[in-house]
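Engineer: Here is a sequence with its predicted model. Questions after.
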Number of protein chains: 2
Amino acid sequence: MINNEIICAISTAQGNGAIAVIRLSGDECITLCDKVFQSPGNKRLIDQEPNTLHFGNLMDGDKIIDEVVVSIFKGPKSYTGEDVVEISCHGSVYIQQQVLQLITKNGARLAKPGEFTLRAFINGKMDLSQAEAVADLIASTSSSAHKVAIQQMRGGFSSEIAMLRDRLLHFISLLELELDFGEEDVEFADRKQLHDLLNNIQNLIQKLLKSFDLGNVIKNGVPVAIVGHTNVGKSTLLNRILNEEKAIVSEIAGTTRDVIEDVINIEGVSFRFIDTAGIRETVDTIETIGIERTYDRISKASIILLLVDATERKADIEKAIQTVKNKLGDNDKKLIVIVNKIDKLEKGFDVHELLDKQDVLIKISAKTGENVDLLINELLSVVNLSSLEQNDVIVTNARHYEALEKASESLQRAINGLTTGITGDFMAQDIRETLHYLGEITGEITTDEVLGNIFKNFCIGK
Amino acid sequence: MINNEIICAISTAQGNGAIAVIRLSGDECITLCDKVFQSPGNKRLIDQEPNTLHFGNLMDGDKIIDEVVVSIFKGPKSYTGEDVVEISCHGSVYIQQQVLQLITKNGARLAKPGEFTLRAFINGKMDLSQAEAVADLIASTSSSAHKVAIQQMRGGFSSEIAMLRDRLLHFISLLELELDFGEEDVEFADRKQLHDLLNNIQNLIQKLLKSFDLGNVIKNGVPVAIVGHTNVGKSTLLNRILNEEKAIVSEIAGTTRDVIEDVINIEGVSFRFIDTAGIRETVDTIETIGIERTYDRISKASIILLLVDATERKADIEKAIQTVKNKLGDNDKKLIVIVNKIDKLEKGFDVHELLDKQDVLIKISAKTGENVDLLINELLSVVNLSSLEQNDVIVTNARHYEALEKASESLQRAINGLTTGITGDFMAQDIRETLHYLGEITGEITTDEVLGNIFKNFCIGK
């Protein structure tokens, strides 16, 4: 997969800016730039020290393409591990294109998405989970997602995995020693110690697997479904939360055109508020579609906010709560019932009676914003960020989660084998499988297909 | 106006990219960055050589904001003439904002539009016309506009103006010597030589003024009005030109919502095709509004493309041509009549008879694209780019044009004064006025208001 082609791409955001950066990587990229670069003192880029900046003109023959500043990095001390040049030019789209054309005309080719980072991986500058963290970092929109991505990019997760692999490698070396002496029936590896070790490793893997719930929420945001009768004030509530948090809202078009997600960052966590059609039993077809979608949202959400208006009839409120609770079933979604204008509730009607112990009831005033802070605290209580403070490693990537699950399975077979007294070679096979899956995470074991899938989601220029 | 505040801004285009650049300028900006920068080898930014690159972490206390590469430039050898730092960070909007917050929290303030370039001007790194060229360069979307902006940015126009000023200064010094010896009635300045010199300068200014027509066209594009009866195939023709040129089209919403301009680059020149409502005499009110707008477009266009369909009745074709020609009057707009399906023209009807000598008639087939190349040549003939090839200085800026006009007026008064034998002190005043207006162009004479108007149109970060 390694080759000597020079790749190039615009690495800054698309569109006009004050400046733009075109990045090149490849062993001859400094020589290439030297051919089209003219400095005031006629100095040659190829003669320059690494990590230096050079002002001059990019020339297409006699024609000046732009006045630029060129940054020179020399492999292996560069992002990709190869020689790298970054050209900082004036930021018009026209000039960006002209520079890119000039560079490709002189022998570079356009980089594929993530190809700079792919080269960094191939050249051993980072492992695969670190490379993936680069993409996560660029996509991060909340402080918690940012923090987890930075930690992963800096190798926090990688070193955790490397530690697990090291322990297993030590174990398997003892096992294989036994196999070498197979006829003599010796045991170099104390079975009791080994059993403890494997259990310890399994516990660590389980802890990582468990962290994925939090990791997923951190990376993708907490899905919160807002349900309630039409006109009960769902959008008013959203605006209230917004005002309370002075947050920036972005609208994401859902999979269906009628669902809008508002992503709000609250204390470093993204919450994806999914506004749904009103819940109301009806025979009207269109409304029914809306209700089915509501149920669909509920099934995908971690938190359900059910809004009721105390001025509604008791029977209606009961029905709304019952409908949602039926739909929730036994799974561990959090239901928060929000009653607006609670002082107007029918006498003797205690909404608590309709709820289970773990459900939360909050009385708010959408008009004044009263108690919206209580609601925000309830939302945040679902996401336990305290573990993040302790620099625990969090799994945020579904690919890592799958690999850890498989590693856990084969490790469990080895543990069971120890108990049932399985032969050493079978056990060695299970351990090797565990090592394989752990290696998939960091990219020690990988395929072109896996790499392709990972890097196709990168942006161009990274 | 000069102060020691550190300014900062995101200099790359808005949005997510692989990397983004945050630029700082100000005498203490390296010290500021040093406070929040942590390099692997604990090296200090303040100890580093200019024009060097440094990898490390941006820290907000113990929290890592990002892994970055920092570029260090030291004044006066920097864009602004002051110390400059450029921070290249991961390109997510979230991280860009975090870095900006970190920098401002540590004492920098957000830069105003164009403030980096304003400082470059104030610190004598460029004159005002060069600063204006930076904005033009970033806005350029065609090769000719790009070329003129580059030339102006590199001081081509400035040195032309400086030469004119030098000659006038020499002249005025002789005049003022005479005034010092006023009582003795000596003439240090040979009146004949002076007359020739002033005329030469006036000729140069006139040449510059004349270049503005071309300069304006290069900078803003050639306005081309396409007129013709409804459904005569105006959009088909536009698409034909597009196909012929494989050009990129961008739509610009006109001042009124019903006018769409398609900007097409043909051989380095932008043409702004203004599609208009069909020309047809009618009593219908709405159509009449359309026609008035058509006339409005015609008055603003340099080239009128009138499309007629040979299958139309002769009387209709005659009327369309006559209507447009009446509207054109005597001014020097170019009329190109395009006849589609000319073989189907009524026998004995020669369209040429309706046209003047300078008008152009082209028969095309919108269906096959036949003769569209002839039309393109006619369009290009309006823009004489040959002067651009000779590196002539072109005036593209309305502010420069106005200043040149005023300089020309006062210079003419001086020339007339020489002929009529005006006294030396009056003549000196006219020359000083000329010098003043020439100085306005390069910014030797300027006001805060002028600077404000110029830099408010810059983008942030430049």
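Structural biologist: Perfect, I can see it now. Given the structure is predicted, the values throughout are model-derived calculations rather than measurements. Numbering: from 1, shown residues only, chains lettered A, B, ... in the order given.

Engineer: For chain B, what is the nearest residue in the stretch 251-400 of chain A?
Structural biologist: Closest approach between the stretch 251-400 of chain A and chain B, counting by Cβ to the nearest Cβ: residue A:265, at 9.1 Å. Quick note: C-beta positions are derived from backbone N, CA and C, even for glycine.

Engineer: nearest spatial neighbour of that residue, skipping sequence neighbours?
Structural biologist: Computed as Cβ to Cβ, 6 or more residues apart in numbering or on different chains, the closest residue to residue A:265 that is not its neighbour in sequence is residue A:142, at 4.8 Å.

Engineer: and the residue of the stretch 251-400 of chain A closest to chain B, what are its bridge partners?
Structural biologist: For residue A:265, the residues forming beta bridges with it (DSSP bridges) are residue A:270.

Engineer: hey, where'd the strands end up in chain A?
Structural biologist: For chain A, strands defined by DSSP state E occupy the ranges A:7-10, A:19-25, A:37-38, A:52-60, A:63-73, A:84-90, A:109-110, A:222-228, A:249-253, A:260-266, A:269-275, A:303-309, A:334-340, A:360-364.

Engineer: isn't residue A:361 right up against residue A:321?
Structural biologist: No: taking contacts as Cβ atoms under 8 Å, residue A:361 lies outside contact range of residue A:321: 10.0 Å.

Engineer: more neighbours, these two?
Structural biologist: residue A:321 (19 against 16; other Cβ atoms under 10 Å in any protein chain shown).

Engineer: So what pairs up with the residue lying closest to residue A:65 once chain neighbours are set aside in the strands?
Structural biologist: Residue nearest to residue A:65 in three dimensions, not counting chain neighbours: residue A:58, with 4.3 Å by Cβ to Cβ, 6+ apart. Beta-bridge partners recorded for residue A:58 (DSSP bridges): residue A:37, residue A:66.

Engineer: residues near residue A:58, how many?
Structural biologist: 23.

Engineer: measure residue A:425 to residue A:407 for me?
Structural biologist: 20 Å (Cβ to Cβ, to the nearest Å).

Engineer: the more surrounded of those two?
Structural biologist: A direct count of neighbours by other Cβ under 10 Å for residue A:425 and residue A:407 places residue A:407 higher, at 28 against 12.

Engineer: What is the neighbour count of the closest residue to that one other than its chain neighbours?
Structural biologist: Leaving aside its sequence neighbours, residue A:407 sits nearest to residue A:437 (Cβ to Cβ, 6+ apart; 3.8 Å). Neighbour count for residue A:437, taken as other Cβ under 10 Å: 20.

Engineer: Residue A:22 now?
Structural biologist: 26.

Engineer: pretty sure it is touching residue A:99, no?
Structural biologist: Yes: the criterion here is Cβ under 8 Å, and residue A:22 meets it with residue A:99 at 5.2 Å.

Engineer: Could you tell me which residues touch both of the two?
Structural biologist: Residues touching both residue A:22 and residue A:99 (Cβ atoms under 8 Å, 6 or more residues apart in numbering or on different chains) are A:87, A:89.

Engineer: what residue lies at the spatial centre of chain A?
Structural biologist: residue A:219 (4.1 Å; Cα atoms, centre = their mean).

Engineer: residues touching that one, list them.
Structural biologist: Contacts of residue A:219 by Cβ under 8 Å, 6+ apart are A:136, A:145, A:148, A:396-397.

Engineer: Now do the shared contacts for residue A:361 and residue A:321.
Structural biologist: A:337, A:351, A:355.

Engineer: can you tell me which residues contact the first one?
Structural biologist: Contact criterion Cβ under 8 Å, 6+ apart gives A:306, A:308, A:321, A:351, A:355, A:359-362 as the residues in contact with residue A:337.

Engineer: one more time with 10 Å, if that's ok
Structural biologist: The contact partners of residue A:337, by Cβ atoms under 10 Å, 6 or more residues apart in numbering or on different chains, come to A:228, A:304-308, A:317, A:320-321, A:324-325, A:351-352, A:354-355, A:359-363.

Engineer: The second one too?
Structural biologist: Residues in contact with residue A:351, defined by Cβ under 10 Å, 6+ apart, are A:308, A:310, A:314, A:317-318, A:321, A:337, A:339, A:342, A:345, A:359, A:361, A:363.

Engineer: what do you get if the cut-off is 6 Å, keeping everything else the same?
Structural biologist: Shown in contact with residue A:351 (Cβ atoms under 6 Å, 6 or more residues apart in numbering or on different chains): residue A:361.

Engineer: In the longest helix belonging to chain A, which residues are buried?
Structural biologist: Longest helix in chain A by number of residues (criterion: DSSP state H): helix A:191-220. Across helix A:191-220, burial judged by 16 or more other Cβ atoms under 10 Å in any protein chain shown covers A:194, A:197-198, A:201-202, A:204-205, A:208-209, A:211-212, A:214-219.

Engineer: just stretch A:408-423 next, same as before
Structural biologist: A:408, A:410-415, A:417-418.

Engineer: now, which of the residues you listed sits nearest residue B:381?
Structural biologist: For the buried residues of stretch A:408-423, the residue nearest residue B:381 by Cβ to Cβ is residue A:408; the value is 76.0 Å.

Engineer: Nearest residue to that closest one in space, please, no chain neighbours.
Structural biologist: residue A:205 (4.8 Å).

Engineer: For chain B, see how far away the one you found is.
Structural biologist: Remark: distance between residue A:205 and chain B (Cβ to the nearest Cβ, to the nearest Å) = 27 Å.

Engineer: pLDDT value on that residue, please?
Structural biologist: Looking at residue A:205, its pLDDT stands at 94.

Engineer: Verify the contact between it and residue A:409 for me.
Structural biologist: No: under the criterion of Cβ atoms under 6 Å, residue A:205 makes no contact with residue A:409, lying 10.0 Å away.

Engineer: Okay, now the unreliable bits of chain A?
Structural biologist: Scanning chain A for pLDDT under 70 picks out the ranges A:1-3, A:182-189, A:230-231, A:243-261, A:275-294, A:330-331, A:342-348, A:366, A:384-391.
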